[in-house]
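Peer 1: What follows is a protein structure lacking sequence information:
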Ligand SMILES: [Zn+2]
Ligand SMILES: [Zn+2]
């Protein structure tokens, strides 16, 4: 199965499943602590190598849809409690405890009954291939689209030195900003 697409449309069912799963984790924490924690909002804005992130001040959890799709069940049973546990710890202790310290570990084990794991085993997105060009003054990174246009005859001129860009090599460059 190809896992390369990061532009996949988010299935509205997936969003509902996440909201339910997050709320369920809050319910469990409420029951355990005899509390009523403030529910977080959640979304699928997480990109890159993290499966999810808890934005404590905003009370928001971002999940990585690319990884969710790989195995929704595992994602829901590991990443969701992991991130909700961060929020729970923050609501109890504030911001002065270690992110994956003993408080967070205790929530993972006692509330969710799972191993407090900091890492995930999902595939991470492959860095976009870039196409390195050079002029007389510097290197330039081209997107695939630009490279294709260049191969078809479009000439690109460096704004700085006014010389024509020449193709050098294909290489990954994770800092490339999409144009
Ligand atoms: Zn974490
Ligand atoms: Zn130049």
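Peer 2: Right, received. Where do you want to start? Note that the coordinates shown come from a computational prediction; the quantities given were computed from them, not determined experimentally. Ligands and ions are numbered 1, 2, ... in the order given.
Peer 1: Mind pulling up the pLDDT for the residue lying closest to residue 142 once chain neighbours are set aside?
Peer 2: Counting by CB to CB, 6 or more residues apart in numbering, residue 131 is the residue found nearest to residue 142 once chain neighbours are left out, at 4.1 Å. Quick note: C-beta positions are derived from backbone N, CA and C, even for glycine. pLDDT, residue 131: 89.
Peer 1: What's the first helix or strand after the helix or strand containing residue 131?
Peer 2: Residue 131 is part of strand 129-134 when elements are defined by DSSP states H and E. Following strand 129-134 in sequence order, the next helix or strand is strand 139-142 (DSSP H and E).
Peer 1: So for the helix or strand following that next one, what gets flagged as buried?
Peer 2: Using DSSP H and E, the helix or strand that follows strand 139-142 in sequence is helix 144-151. Buried residues in helix 144-151, counted by 16 or more other CB atoms under 10 Å: 146, 147, 150.
Peer 1: I'd like to check what contacts stretch 107-116. Which residues are they?
Peer 2: Residues outside stretch 107-116 that contact it (CB atoms under 8 Å, 6 or more residues apart in numbering) are 25, 28-29, 32-33, 77-78, 81-82, 85, 88-89, 100, 104-105.
Peer 1: contacting residues around the longest helix anywhere in the chain?
Peer 2: Using DSSP state H to define each element, the chain has its longest helix at helix 12-33. For helix 12-33, the external contacting residues (CB under 8 Å, 6+ apart) are 35-37, 39-40, 42-44, 61, 63, 65, 68-69, 72, 76, 80-81, 84-85, 88, 92, 107, 110-112.
Peer 1: Please pick the buried ones from those residues.
Peer 2: Listed as buried from the contacts of helix 12-33 are 37, 39-40, 42, 44, 61, 63, 65, 68-69, 72, 76, 80-81, 84-85, 88, 107, 111-112; burial here means 16+ other CB under 10 Å.
Peer 1: The contacts of helix 12-33 in strands, which ones?
Peer 2: 42, 43, 61, 63 (DSSP state E).
Peer 1: from what I can see the first one touches residue 62, true?
Peer 2: Yes - assessed by CB atoms under 8 Å, residue 42 is found in contact with residue 62 at 7.3 Å.
Peer 1: Residues of the protein that sit close to ligand 2?
Peer 2: Counting by CB under 5 Å from the ion, the chain comes close to ligand 2 at 135, 137, 158, 160, 161.
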